[in-house]
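**Q** Generate a structure from the sequence data that follows.
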Amino acid sequence: MDKRLLIASFLFCFIVAVTPLRCLTCHLRTRTDRCRRGFGFCTAQKFESCMSLKIFQDNILQLSYMVCQRFCRELTFDHNIRTYVHKCCRYDFCNVKI
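**A** Numbering: from 1, shown residues only. Next up is the predicted model:
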């Protein structure tokens, strides 16, 4: 393999590896799909990923919360009459879609 191609592919991999993960933040998003508090972006630190918490009542989205989260875990649980869905992802602004 050509040395220049090998060096270029190494540099590309290095740049991709050190590019920080960026996530959307919204501390209170309502059913109208509008962020009421904390809208912005965060840069994930070591061991962080993008996280989204959605709260449903009767299968209707009531509100959601999005941030960079350390040691994020995916889970779904029911409490009283609400369902809480906690999702994690690892590419830029992925918590908008989940």
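**Q** What are the boundaries of the helices in this structure?
**A** Secondary structure of the chain (DSSP state H): helices at 3-18.
**Q** Report the beta-bridge partner residues of the most centrally placed residue in it.
**A** With distances taken as CA atoms, centre = their mean, Cys50 lies nearest the centre of the chain, 2.2 Å away. Beta bridges link Cys50 to Cys68, Cys89 when assigned by DSSP bridges.
**Q** Wait, Cys88 touches Leu75, no?
**A** No. Using CB atoms under 8 Å, Cys88 is not in contact with Leu75; the gap is 9.6 Å. Quick note: C-beta positions are derived from backbone N, CA and C, even for glycine.
**Q** These two: which is more packed in?
**A** Taking other CB atoms under 10 Å, Cys88 and Leu75 do not tie; Cys88 has more neighbours (18 against 11).
**Q** And the more buried one, how close does it get to Gly38?
**A** 18 Å (CB to CB, to the nearest Å).
**Q** got the contact list for the closest residue to Phe41 other than its chain neighbours?
**A** Leaving out its chain neighbours, the residue that sits closest to Phe41 by CB to CB, 6 or more residues apart in numbering is Arg22, at 5.6 Å. Counting by CB atoms under 8 Å, 6 or more residues apart in numbering, Arg22 touches 41-44, 92-93.
**Q** ends of stretch 67-78, how far apart?
**A** Start-to-end span of stretch 67-78 (CA to CA, to the nearest Å) is 22 Å.
**Q** what's the answer for stretch 76-84, then?
**A** 6 Å.
**Q** can you list the residues that contact it?
**A** 53-59, 62, 85-86.
**Q** go again using 6 Å as the cut-off
**A** For stretch 76-84, the external contacting residues (CB atoms under 6 Å, 6 or more residues apart in numbering) are 55-57, 85.
**Q** Show me which positions of that stretch end up buried.
**A** Residues Thr83 are the ones in stretch 76-84 that count as buried (16 or more other CB atoms under 10 Å).
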